[in-house]
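# Model the following, please.
(2 chains)
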Protein chains: 2
Amino acid sequence: MRDVDSRTGIEVLDRDQCLELLAEDVIGRLVVIAGGVPLVTPVNYCLDGESIVFRTDEGAKLSAAGRALAAFEIDSFDRETRTGWSVVVTGRLGEVTEYEDRLRKRLDGLGVDPWAGGEKPHLLRLVPTTVTGRRVSSRS
Amino acid sequence: MRDVDSRTGIEVLDRDQCLELLAEDVIGRLVVIAGGVPLVTPVNYCLDGESIVFRTDEGAKLSAAGRALAAFEIDSFDRETRTGWSVVVTGRLGEVTEYEDRLRKRLDGLGVDPWAGGEKPHLLRLVPTTVTGRRVSSRS
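All right, here's what the predicted structure looks like:
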């Protein structure tokens, strides 16, 4: 059953729909807070169960691991048809301690890796606390 | 002159290049911090000088106006050619007090408005403190 807000026309996606979209994409935007400032970085990722896994080097993302809440967003817009969707995950970052080799192989095999130049020896995992999504269909 | 990081292969975009990319797009992701949690929302926007202007209803974005630092991100990725770019603006949010009618008309005329369902009576402006961008070209 579709859950559409009658005021805004926006369809609320359930957790399973959001996870399906997260499983299909490979690039999203990670947000961590560093010194009160939100830092936004595109990252290549893979979905491991319900967690977002990505590589990083020494930096704000790694520093944020285990401490602050982080957010992760993917979306797709069609400017012609005026449609689109977005999925936002919030949760805490932690370093990957299990299945690390398997996950590295999956990340290496994504086929796209535009942001992964340089050494990124650390694997981080965003374990979701909330998973929300919405979709806007054509309003004709 | 292109400023390319030899370690990562990532080209750093200067402020003018970032502003050009911001002037060409119409949808980006706004990040505000509410209660220590980063909130990410796609918004339709227009560039007014160097400011990002968008509509909002009563909510976290409006509450954040005048207080916390916010971030705004646009990007484009080509998963086939493994190329892409992103631009991130940080700054403070404020309500629009000048040229409001003119800016409303520009936002109305964008031709895309997927996320603007419902009434969004307030206009907010993100005045940039920092504007950064990077581009990844094909590594062959």
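
# packing partners for the helix or strand harbouring A:Val32?
Using DSSP states H and E, A:Val32 falls within strand A:27-34. Where contact means 3 or more C-beta pairs under 8 Å, 6 or more residues apart in numbering or on different chains; DSSP states H and E, strand A:27-34 is packed against strand A:37-44, strand A:51-56, helix A:60-64, strand A:69-78, strand B:27-34, strand B:37-44, strand B:69-78. In this view, the C-beta of every residue, glycine as well, is placed from N, C-alpha and C.

# Could I get these in TSV, plus columns for mean neighbour count, distance to B:Leu123 and mean pLDDT?
Output for those, formatted as TSV (neighbours: other C-beta atoms under 10 Å in any protein chain shown; distance: least, C-beta to C-beta, whole Å; pLDDT from 0 to 100):
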stretch	mean neighbour count	distance to B:Leu123	mean pLDDT
strand A:37-44	21	21	90
strand A:51-56	22	33	88
helix A:60-64	18	31	66
strand A:69-78	20	21	93
strand B:27-34	22	13	92
strand B:37-44	21	11	90
strand B:69-78	20	15	93
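
# just so I know, which of these lies nearest B:Pro128?
Closest approach to B:Pro128 among the helices and strands packed on strand A:27-34 is made by strand B:69-78 (8.4 Å; C-beta to C-beta).

# hmm, that closest one in reach of chain A?
Yes: using C-beta under 8 Å from any C-beta of the partner chain, we find that strand B:69-78 touches chain A at B:69-71, B:73, B:75, B:77.

# Can you tell me the strand partners of that strand and which way each runs?
Strand B:69-78 pairs in its sheet with strand B:27-34 (antiparallel), strand B:83-95 (antiparallel), by DSSP bridges.

# Pull out the buried residues from the last one.
What that stands for is strand B:83-95. Buried residues in strand B:83-95, counted by 16 or more other C-beta atoms under 10 Å in any protein chain shown: B:83-93.

# in chain A, which helix or strand is least confident?
Lowest by mean pLDDT, DSSP states H and E among the helices and strands of chain A is helix A:60-64, with a mean of 66.

# how far does stretch A:93-111 sit from the chain's center?
Distance of stretch A:93-111 from the chain centroid (C-alpha atoms, centre = their mean, to the nearest Å) equals 15 Å.

# before we move on, what about stretch A:88-102?
Relative to its parent chain, stretch A:88-102 has a centroid offset of 12 Å by C-alpha atoms, centre = their mean.

# Just the endpoints, please. Distance across it?
Using C-alpha to C-alpha, to the nearest Å, one end of stretch A:88-102 lies 25 Å from the other.

# before we move on, the earlier item: ok, which of the helices and strands packed on strand A:27-34 comes nearest B:Val131?
For the helices and strands packed on strand A:27-34, the distance to B:Val131 is smallest for strand B:69-78, at 9.7 Å, taking C-beta to C-beta.

# Can you tell me what sits against that closest one?
Residues external to strand B:69-78 that are found in contact with it (C-beta atoms under 8 Å, 6 or more residues apart in numbering or on different chains): A:27, A:29, A:31, A:36-40, A:42, A:112, A:114, B:21-22, B:25, B:27-33, B:45, B:52, B:64, B:83-93, B:126, B:129.

# follow-up on the earlier one: distance to B:His122 for the helices and strands packed on strand A:27-34 - can I get that in a markdown table?
As requested, those are exported to a markdown table (distance: least, C-beta to C-beta, whole Å):
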| stretch | distance to B:His122 |
| --- | --- |
| strand A:37-44 | 21 |
| strand A:51-56 | 32 |
| helix A:60-64 | 31 |
| strand A:69-78 | 22 |
| strand B:27-34 | 13 |
| strand B:37-44 | 12 |
| strand B:69-78 | 14 |
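
# of all the ones you listed, which lies closest to B:Ile10?
Proximity to B:Ile10 (C-beta to C-beta) singles out strand A:37-44 among the helices and strands packed on strand A:27-34, at 11.0 Å.

# Name the next helix or strand downstream of the closest one, please.
The first helix or strand that comes after strand A:37-44 along the chain, using DSSP H and E, is strand A:46-48.

# what is A:Val43 paired to in the beta sheet?
Here A:Val43 sits in beta bridges with A:Gly28, as judged by DSSP bridges.

# I figured it hits A:Leu30, correct?
Yes: between A:Val43 and A:Leu30 there is a contact under C-beta atoms under 8 Å: 5.0 Å.

# Brilliant, that's me finished.
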